[in-house]
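**Q** Make a model of this:
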Amino acid sequence: MAFDFPEQFRYADSHEYAHADGELVRVGLSAFAVDQLGDIVFVDLPDVGAVLNRGNGFGSVESVKAVEDMYAPISGEVVQRNEAVLASPEELQNDPHGEGWLLVIRPSDPTQLAELMDASTYATKVAAS
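**A** Model (predicted):
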């Protein structure tokens with residue numbers, strides 16, 4: 001199956017994406033990760049004000065198949081979380097790169113974005129798995 005990975009996003013090995021929007025960064029799960037999970041039934045996200053450290057877990061997503069931890073692609077403070085996804089986890093499945101975003105964070109080190117994979121590198125990684 002072919003996936004569309006937005007060119008302006010950066011991707012972590014653990015399949016989270018980070019999208020810079022001014023001083024803030026929107027974080028979510030890639031379409032590939034969402035597809036692998038299947039029917040999503042529950043999403044757990046940190047509260048606004050939580051501090052995330054790159055590579056550390058920040059929540060989980062539960063599907064009918066499995067429960068998977070999600071990992072922060074960059075470090076920063078949570079300034080917003082997607083309450084719509086918490087109320088209706090299927091939003092994550094329907095539009096993972098759009099309305100299915102998870103968090104907005106204020107990065108503590110914006111240079112970490114450059115260390116993530118670009119869309120073509122991530123697409124190559126996914127195709128090989």
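**Q** So which bits of the helix or strand of the chain with the lowest mean pLDDT are buried?
**A** When each helix and strand of the chain is scored by mean pLDDT, DSSP states H and E, helix 90-94 comes last, with a mean of 92. Buried residues in helix 90-94, counted by 16 or more other CB atoms under 10 Å: 91-93. Bear in mind the C-beta positions are built from the backbone N, C-alpha and C, glycine included.
**Q** Closest one of these to Arg106?
**A** For these, the minimum distance to Arg106 (CB to CB) is 22.4 Å, reached by Leu92.
**Q** My reading is that Arg26 lies in a strand. Confirm?
**A** Yes: using DSSP: H, G, I helix; E, B strand; the rest coil, the assignment for Arg26 is a strand.
**Q** and it, bridged to which residues?
**A** Beta bridges link Arg26 to His19, Val104, judged by DSSP bridges.
**Q** same question for the helix or strand hosting Arg106, mean pLDDT?
**A** Element membership for Arg106, per DSSP states H and E: strand 103-107. Across strand 103-107, pLDDT averages out at 98.
**Q** Residues in contact with it: which ones?
**A** For strand 103-107, contacts defined as CB atoms under 8 Å, 6 or more residues apart in numbering pick out 21, 23-28, 45-46, 52, 58, 72, 74-82, 113.
**Q** Could you export the least confident helix or strand of the chain as CSV, CA atoms only?
**A** Extracted in CSV, the C-alpha atoms of helix 90-94 (Å, rounded to 0.1, in the frame of the first residue of the first chain):
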residue,chain,number,x,y,z
GLU,A,90,-11.3,7.2,14.8
GLU,A,91,-10.3,10.8,13.9
LEU,A,92,-6.7,9.6,14.1
GLN,A,93,-7.5,6.9,11.5
ASN,A,94,-9.5,9.1,9.2
